[in-house]
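**Student:** model the structure of this input:
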Amino acid sequence: MRTGQLIAAFSPTRCGRTSCDVMRLIGVVALVATVPGCVFLDPSDPYAGMPRAAEYEYTPARWRATQPIAGPITLSNAIEIALANNPELAALRCGVDAASAERDVAIGATLPRLSAQGAYDHYVDRHRLGPPRYMGEPRTYSDAVFSSDLVVSMPLFTGGRLTSEIKAAEWLHAAAEHRLARSWHELVFNVSSMFYTILAQHHVIESLEFSQQALKEHRRRITELIQAAKAAKVDLLRTEVRIADLEQRLVCERNVLAIQGRVLTNLLGVKQEGPDSVSIVGELGIDKTIIADVDAAIIEAFGQREDYLVARAALEAQAKRVDAARAAHWPTLILQGSYGGRWAVGNTEHPVDAKGKHRDSSTDDVGSAAVALDVPIFEGGRINARIRREQASLAAARQRLRKLELQISLDVETASLNVSSSLQRVNATHKSIEQAGESLRIEREKYDFGKGAITDVLDAQSALLESQMNYYRALADYNTALAQFRLAVGDTP
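**Tutor:** Have a look, this model is predicted:
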């Protein structure tokens, strides 16, 4: 009866009794030392490059890149920084590497496997050291045997299971690459959208500051009219109220700008230097793009949108998984071979030759080669259950692909409508700025000649401010809608 076994990755040579005892002692010590401990002497650190949970203190800079943004950046600079530092994109790159390794694992399963095995066996009764080579051959018996073998095995036929697993791994690797590319496009869109929003917010703040300065100038004019007894003091008070209202609106809009700057730096994956918002430079342009052929854009999206290619690759991979599960019904043919030695290291009984003398044969070598056939006859329904599971997953993948096709059509149509409507808003608000400016000029002249009320002037100033703010926000929405349309179609930024 076997009471202990030690697997080792070395092959000892012929040795005497003393050296074998030493080897047995080393094996026992190694067994006692390794079994209670870890698998590796240097286990992987899950928090490498990060603060450990026990040492964690909330310091946001510890979770960000050490290189801050230096100076004003353009949109192209922002996109370049984001692609290099965004942590989600870096994680997806690791996912591509993992999918590549998984593909190599599937390919490696088709290649021969060579391993070295060692064992120490102790028996209650003495066992024969090795099999006899001819009838009646005297053999050595021992109650403790050390063995070492080189073992090779190679699959010859698996019913297509290994081939299907390789193809599935290749499709999953392609899906990981498409997923990385789609996330790249989405990151570009998110950075562009926030960049345009920040540009519009700068213009909004400039409009508020201009309006505030205009009201202060108007307040100075009212003060002069009061001194000349041509205006009432209540007009000055109403102007002061409007100036105070603009001041609190400026505080709110500057706070919004600071928050938007932090959102942008998070997308870029870098550290923001100082409390101020990130400094950007750019223009909110108009190219008056009108999407005419939406159907052609949808067809184009089906050919180049990376998330659609991900779903197609996942569907192909799942079909190969079904084939791999079905292959389990087929027999498996494996080539096996081994060669090694046996050493008697315990209480040994040596064979006796024709002259009645004991022959010292404490070692022996053994080898074998075989072709093994494994035919599944009864598996408790596990094979059919795996097939049903993979077929159900395949049906689910088909429905997800169909859902994505509908979503792509909706995305393209929605983005096209957003481009058209935002362009119309830009044109309308631009005209309203001209009208509001002219209205403010007329009301000021009427007030200066004593034919108008201060409330009309203040309302005209407020209308001009709102028109300016709406115009810049419509510009940001228009540029964002164009970026959204490119994302929906799958155009490379």
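
**Student:** what are the ranges of the strands in this structure?
**Tutor:** Assigned by DSSP state E, the strands in the chain fall at 113-128, 141-157, 332-344, 348-349, 363-374.

**Student:** which residues touch the third one?
**Tutor:** When you say that, I think you mean strand 332-344. 11-12, 14-15, 20, 117, 129-130, 140-142, 144-159, 362-374 (CB atoms under 8 Å, 6 or more residues apart in numbering). Backbone N, C-alpha and C define where each C-beta goes, glycine included.

**Student:** buried members of those residues into ChimeraX, please.
**Tutor:** Isolation of the buried members of these (16 or more other CB atoms under 10 Å) is achieved in ChimeraX through the command below:
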select :12,15,20,117,129,130,140,141,142,144,145,146,147,148,149,155,158,159,362,363,364
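
**Student:** so where is the chain shaky, pLDDT-wise?
**Tutor:** The chain contains residues with pLDDT under 70 at 1-71, 271-277, 288-292, 352-361, 492-493.

**Student:** how about the helices in the stretch 301-450 of the chain?
**Tutor:** With DSSP state H, counting those that start in this stretch, the ranges of helices along the stretch 301-450 of the chain come out as 306-326, 382-448.

**Student:** ok so, going back, now distance to residue 260 too, for the strands of the chain, in a markdown table please.
**Tutor:** Below are the strands of the chain laid out as a markdown table (distance: least, CB to CB, whole Å):
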| stretch | distance to residue 260 |
| --- | --- |
| strand 113-128 | 57 |
| strand 141-157 | 58 |
| strand 332-344 | 61 |
| strand 348-349 | 84 |
| strand 363-374 | 64 |
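
**Student:** wait, which of those strands is closest to residue 222?
**Tutor:** Closest to residue 222 of the strands of the chain is strand 113-128 (CB to CB; 93.2 Å).

**Student:** so which residue is dead centre in the chain?
**Tutor:** In the chain, the residue lying closest to the centroid (CA atoms, centre = their mean) is residue 92, at 3.1 Å.

**Student:** which among the helices of the stretch 301-450 of the chain is found nearest to residue 255?
**Tutor:** Here helix 382-448 is closest among the helices of the stretch 301-450 of the chain (CB to CB), at 24.2 Å.

**Student:** now the closest one: how far from the chain's centre is it?
**Tutor:** With CA atoms, centre = their mean, to the nearest Å as the basis, helix 382-448 stands 25 Å off its chain's centre.

**Student:** what's the angle between that helix and helix 306-326?
**Tutor:** 170 degrees (axes from the mean of the first three to the mean of the last three CA atoms, to 10 degrees).

**Student:** list the helices and strands helix 382-448 packs on?
**Tutor:** helix 161-227, helix 294-304, helix 306-326, helix 454-489 (3 or more CB pairs under 8 Å, 6 or more residues apart in numbering; DSSP states H and E).

**Student:** ok, now which ones touch the residue lying closest to residue 305 once chain neighbours are set aside?
**Tutor:** Of all residues not flanking residue 305 in the chain, residue 490 sits nearest, at 3.6 Å (CB to CB, 6 or more residues apart in numbering). By CB under 8 Å, 6+ apart, the contact set of residue 490 is 185, 300, 301, 303, 304, 305, 306, 308.

**Student:** which residues does the residue nearest to residue 238 when sequence neighbours are not counted contact?
**Tutor:** Counting by CB to CB, 6+ apart, residue 454 is the residue found nearest to residue 238 once chain neighbours are left out, at 5.5 Å. Residue 454 is in contact with 222, 231, 234, 235, 238, 239, 447, counting by CB under 8 Å, 6+ apart.

**Student:** now, of those residues, which are buried?
**Tutor:** Of those, these count as buried by 16+ other CB under 10 Å: 222, 231, 235, 238, 239, 447.

**Student:** now, the most widely separated pair of those?
**Tutor:** 238 and 447 (11.8 Å).

**Student:** before we move on, the earlier item: would you list the helices and strands packed on helix 382-448 in CSV and tack on distance to residue 422?
**Tutor:** Shown next, in CSV, are the helices and strands packed on helix 382-448 (distance: least, CB to CB, whole Å):
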stretch, distance to residue 422
helix 161-227, 11
helix 294-304, 16
helix 306-326, 24
helix 454-489, 4
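
**Student:** so which of these gets nearest residue 263?
**Tutor:** Using CB to CB, the helices and strands packed on helix 382-448 put helix 161-227 closest to residue 263, at 5.8 Å.
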